[in-house]
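Asks: the following comprises the amino acid sequence and a computationally predicted model.
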Amino acid sequence: MDLKDLGWSESLAESFEGLKESVEGEAARVVGAQRERYRLLTPRGAFDAQLSGRLRHEAGEGELPVVGDWVVAELHHDAGSARINACLPRRSSLVRKRAGRASAPQMIASNLDTVFVVTSLNGDLNERRIERTLAMIWEGGAQPVVLLTKLDLCADPAESVDRVEAVALGVPVHALSTWTGEGLTAIDRYLAPGKTLALIGSSGVGKSTLANRLLGEERLATSEVRESDDRGRHTTTARELFVLPSGALLIDTPGMRELGLWDAGDGLDAAFEDIDVLAKACRFGDCKHHGEPGCAVRAAIDEGALESSRFASYEKLQRELAHEARRHDPAAMAAHKDRWKKIHRARAQAVRTSSKK
């Protein structure tokens, strides 16, 4: 195995050369991460690693290593350990808003070529969640692919595939069964040597089962879904990168119940390209698509060319991103509050004027 087998590229080599004079170590790829304990893979083997004090102190939000990262590390061969001194630039990433009330990004994985959005053809199928996930992937710079699992349990898979294709514009959609093997050959085109793939989806959709299929052995734990709501329990508890028999690299991620967007404006436009195209045809450049004359978006909804639920999802995600942006921009937050104060005052004045008549 050499660096190229792990996904090494010319751009990474250039970045590494630029750091050699100031940072000691060799190039390695992060294949496991849990808190601040890491597992690195190199042409000379695997190493357990920790961060250098300088990197831990100087790293900004979202800059600590994650699975998929390339790092510069001092390798201690006798002990099988290493110290990570620097991270190389990422060419793509998966980032979500950290779960809970905290307003901060959480890096999930990096340096990805393809991200498989895994959802099952049962009660888990949710077009709105797929839209949200696609926006996150497009923003991060990877190519999304939707995998609809549990084909063997679905009475009408064609109808479900049509539903997903209607919201996953320009994204390949494949239905498959990890139990019978039906449809699995469609994934082969993505499994090229040195390419990095990731699985993302809710618990119980079959990510670990699919990973075991691709690995050719039962290396990841799996569990049954609950009959009451078709939801599963977490079986993957940490992100980990595996080398597949094909030579491709696969990152399995824990199931995520919350998938808040973080700074995904361009990704949102890509995921909702149909609405973006329609909006550009509106009569007014600042059209809000709520009753303005000449609104191409409203016309498409009225004509049945655009589902109102899809437009509502688009607006919801826009509001979510705008809210996060205001939380980090005091001036924008103040302007937003001032705007709504004026609206409330105007409404109150209108009510008072009407009551006097």
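Replies: Now that the structure is in, tell me what you want to look at.

Asks: report the separation between the residue lying closest to residue 1 once chain neighbours are set aside and residue 315.
Replies: Setting aside the residues directly before and after it, residue 1 is nearest to residue 43 in space (C-beta to C-beta, 6 or more residues apart in numbering), at 5.4 Å. The C-beta positions use only the backbone N, C-alpha and C, and glycine is treated the same way. According to C-beta to C-beta, to the nearest Å, residue 43 stands 50 Å off from residue 315.

Asks: ok now stretch 289-302, how far from the chain's centre?
Replies: For stretch 289-302, the distance from its own C-alpha centre to the chain's C-alpha centre is 31 Å (C-alpha atoms, centre = their mean, to the nearest Å).

Asks: what about the helices in this structure?
Replies: In the chain, the segments counted as helices under DSSP state H are 10-19, 53-58, 127-140, 157-167, 207-215, 265-271, 273-279, 296-303, 308-327, 330-356.

Asks: other residues contacting the first one?
Replies: When you say that, I think you mean helix 10-19. The set of residues external to helix 10-19 that reach it, using C-beta atoms under 8 Å, 6 or more residues apart in numbering, is 27, 70, 72, 86, 88-89, 91.

Asks: got the CA coordinates for it in PDB?
Replies: Taking C-alpha atoms only, helix 10-19 is exported to PDB below (Å, rounded to 0.1, in the frame of the first residue of the first chain):
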ATOM      1  CA  GLU A  10      -0.900  16.100  -6.400                       C
ATOM      2  CA  SER A  11      -2.600  19.000  -4.600                       C
ATOM      3  CA  LEU A  12      -2.000  17.200  -1.300                       C
ATOM      4  CA  ALA A  13       1.600  16.600  -2.200                       C
ATOM      5  CA  GLU A  14       2.000  20.400  -2.900                       C
ATOM      6  CA  SER A  15       0.500  21.300   0.400                       C
ATOM      7  CA  PHE A  16       2.700  18.800   2.200                       C
ATOM      8  CA  GLU A  17       5.800  20.200   0.500                       C
ATOM      9  CA  GLY A  18       4.800  23.700   1.700                       C
ATOM     10  CA  LEU A  19       4.700  22.500   5.300                       C
END
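
Asks: count the residues that sit near the closest residue to residue 38 other than its chain neighbours.
Replies: Ranked by C-beta to C-beta, 6+ apart and with sequence neighbours excluded, the top spatial neighbour of residue 38 is residue 49, at 4.3 Å. Residues within reach of residue 49, counting by other C-beta atoms under 10 Å, total 26.

Asks: so, low pLDDT: which residues of the stretch 51-200 of the chain?
Replies: When residues are selected by pLDDT under 70, those of the stretch 51-200 of the chain lie in 99-103.

Asks: if we use 80, what do you get?
Replies: Using pLDDT under 80 as the threshold, the predicted model of the stretch 51-200 of the chain has low-confidence ranges 61, 79, 98-104, 123-124.

Asks: one step back: surely the residue nearest to residue 1 and residue 4 touch.
Replies: No - distance between residue 43 and residue 4: 9.5 Å, which falls outside the contact criterion (C-beta atoms under 8 Å).

Asks: give me the more crowded residue out of the two.
Replies: Residue environment comparison for residue 43 versus residue 4 gives the larger neighbour count to residue 43, 14 against 11, counting by other C-beta under 10 Å.

Asks: so what's that one up against?
Replies: Residue 43 makes contact with 1-3, 5-6 under the criterion C-beta under 8 Å, 6+ apart.

Asks: could you flag which of those residues are buried?
Replies: Among the contacts of residue 43, those classed as buried by neighbour count (16 or more other C-beta atoms under 10 Å) are 3, 6.

Asks: among the contacts of residue 43, name the ones in strands.
Replies: Counting by DSSP state E, the contacts of residue 43 place none of their members in strands.

Asks: nearest to residue 124, of the contacts of residue 43?
Replies: Nearest to residue 124 out of those is residue 6 (C-beta to C-beta; 32.8 Å).

Asks: could you find the closest non-adjacent residue to the closest one?
Replies: Nearest non-adjacent residue to residue 6, counting by C-beta to C-beta, 6+ apart: residue 29, 4.8 Å away.

Asks: cool, residue 80 as well?
Replies: Using C-beta to C-beta, 6+ apart and skipping residues adjacent in sequence, the residue nearest residue 80 is residue 47, 5.8 Å away.

Asks: how many neighbours does residue 61 have?
Replies: The tally of other residues near residue 61 (other C-beta under 10 Å) stands at 10.
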